[in-house]
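> what follows is a predicted structure for the sequence shown.
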Amino acid sequence: VELVESGGGLVRPGASLRLSCAASGRTFGPVAMGWFRQAPGKEREFVATISGSGGFSFFADSVKGRFSISRDNVRNTMSLQMNSLSPEDTGVYYCAAQERSTGVATPDGIDEYDYWGQGTQVTVSS
């Protein structure tokens, strides 16, 4: 099983970026997937999650209204659209997926995910 993130980069404040996560090795349609990030010197934190069907999503307060999440269960991919980026959004962004459903449609805990990508760097700086 492999999760591979892409789409990170260096952007100015106020810009947008779209991150993608490509999954292989199994289908993740039935389980939740999510995005986490880790800023330098800080712990990894929850950003957003989407339910297996794609019908439910949940966001950290810090990104609510600016970020959106989507998934394509046919292509086994997930995306994070990030708008109005600020320097506080800088960090390594990780894609994560559950091995099996735990009954929580939109889990936001690190320990609720079993598979992780290698991360993609997002830097927001003027």
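Structure's in. What do you need? This one's a predicted model, so the numbers in the text were calculated from it and none came from an experiment.
> pull the distance from stretch 54-67 to the chain's centre.
Relative to its parent chain, stretch 54-67 has a centroid offset of 10 Å by CA atoms, centre = their mean, to the nearest Å.
> buried stuff in it?
Of all the residues in stretch 54-67, those buried under the rule 16 or more other CB atoms under 10 Å are 57-60, 63, 67. C-beta: built from backbone N, CA, C; applies to glycine.
> closest to L80 out of the residues you listed?
Taking CB to CB as the measure, L80 lies nearest F67 of these, at 6.2 Å.
> surely that closest one and T49 touch.
No: with contact defined as CB atoms under 8 Å, F67 and T49 do not form a contacting pair (11.3 Å).
> so which of the buried residues of stretch 54-67 belong to helices?
Among the buried residues of stretch 54-67, DSSP state H puts none in helices.
> can you name the residues that contact the spatially most central residue of the chain?
The residue lying closest to the centre of the chain (CA atoms, centre = their mean) is W35, at 2.0 Å. Neighbouring residues of W35 by CB atoms under 8 Å, 6 or more residues apart in numbering: 19, 21, 47-49, 69, 78, 80, 93-96.
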